[in-house]
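Colleague: Below are the sequence and a predicted model for it; my questions follow.
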Amino acid sequence: MRLPRERRLRRQGDFDRLRARGVRLDCGSFFLNAGPGGSPGPSRLGVVAAKRQLPRAADRNRAKRLVREAFRASPGAVPEGWDVVVVVRRSLPRQPLARLVEALRAGATKARAELGDA
């Protein structure tokens, strides 16, 4: 099941903007870059699964599926109008979904507190 187009980050400029102006948090099995998006609307997700971290394509695909499902499973965690980029680490494909959902919620809460949008 895909995320709808309006819920995905697709342009490199969006990733770069979050890297430059957003908050970067270490959430254990992934890094979370988060911040207010460029336009109002639903929160959007981007996933970075580097070949250096996960050499096997099957592991990269599994990691991306798990992150998308964690994002779907926690609809209120990321405020409307915010963009989130998850940078995958090696340990993510072995994590249970419940742990990823919990880490994503905790990371989004910390990001809101750091940017003053609680």
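Modeller: Sure, I can see it.
Colleague: Got the confidence number for the nearest residue to Ala106 once chain neighbours are set aside?
Modeller: Leaving aside its chain neighbours, Ala106 sits nearest to Cys27 (7.0 Å; criterion: CB to CB, 6 or more residues apart in numbering). Backbone N, C-alpha and C define where each C-beta goes, glycine included. pLDDT recorded at Cys27 is 94.
Colleague: With the one 3 residues further on instead?
Modeller: At Phe30, the predicted lDDT confidence score is 97.
Colleague: for this structure, which spans come out with low pLDDT?
Modeller: 117-118 (pLDDT under 70).
Colleague: centroid residue for it?
Modeller: Val86 (3.3 Å; CA atoms, centre = their mean).
Colleague: Mind giving me the packing neighbours of the helix or strand hosting that one?
Modeller: Counting by DSSP states H and E, the element that carries Val86 is strand 82-88. Judged by 3 or more CB pairs under 8 Å, 6 or more residues apart in numbering; DSSP states H and E, strand 82-88 is in contact with helix 12-21, strand 30-36, strand 44-48, helix 57-73, helix 97-115.
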